[in-house]
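Participant: sequence first, then the predicted structure, then my questions.
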Amino acid sequence: MSLYDGKFCYRHQSEYFNAQTWLDYLEDVLMPSFYKRRRRVYLVLDNASYHKKQDVFEWYENNRKKLEVFFLPAYCPELNPVERIWQYVRKNATHNRYFDTKERLCETLFATLGDIQNNPEKIMGRLRPYF
């Protein structure tokens, strides 16, 4: 997500998320969405294990002209702006609601995330503490 304009990207991942799926996400979704020629992407990450695998560090190193990676301190979700999006999604889409199928839950999540992507002003107030 961009703290400046609320733009964010995501990918629905139905199988287990690991280092390889993270690398696929970086290549296929994140970099095409945010990298612009001669403008680096500054990527702030939590300490998920797949962010720190050897092949992932090698990818970071190989792409250092396009990307700079910063790791948050351990156990500090309050510093992670993505948590603010999840908070919004829980409040506006899933809190106190029953979903009879996984598909209904996914439909609701995709609709809410799509709405945020089309209307980033809905979350900009939640991102202000990070400026």
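Facilitator: Here it is on my side, so go on.
Participant: what count of nearby residues applies to Leu23?
Facilitator: Leu23 has 16 neighbouring residues, counting by other CB atoms under 10 Å. The way it works is simple: take the backbone N, C-alpha and C, and place the C-beta from them, glycine included.
Participant: next, it: phi, psi?
Facilitator: Main-chain torsions, Leu23, degrees, to the nearest 10: phi -60, psi -40.
Participant: also Lys36?
Facilitator: Reported as degrees, to the nearest 10, the phi and psi values for Lys36 are phi -130, psi 140.
Participant: who's it bridged to?
Facilitator: Judged by DSSP bridges, the bridge partners of Lys36 are Arg39.
Participant: and it, what pLDDT?
Facilitator: For Lys36, the pLDDT comes out at 89.
Participant: then the one 4 residues further on?
Facilitator: Note for Arg40: predicted pLDDT of 91.
Participant: that one: what's it in contact with?
Facilitator: By CB atoms under 8 Å, 6 or more residues apart in numbering, the residues touching Arg40 are Lys65, Lys66, Leu67, Glu68.
Participant: does the third one touch Tyr35 like I think?
Facilitator: Same thing as Leu67. Yes. Using CB atoms under 8 Å, Leu67 is in contact with Tyr35, at 7.5 Å.
Participant: helix/strand/coil for the spatially most distant residue from the centre of the chain?
Facilitator: Taking CA atoms, centre = their mean as the measure, the residue most remote from the mean C-alpha position of the chain is Asp100, 26.6 Å away. In three-state terms, and counting by DSSP: H, G, I helix; E, B strand; the rest coil, Asp100 is coil.
Participant: in this structure Leu72 contacts Ala48, no?
Facilitator: No. Applying CB under 8 Å as the test, Leu72 and Ala48 come out as separate, 10.4 Å apart.
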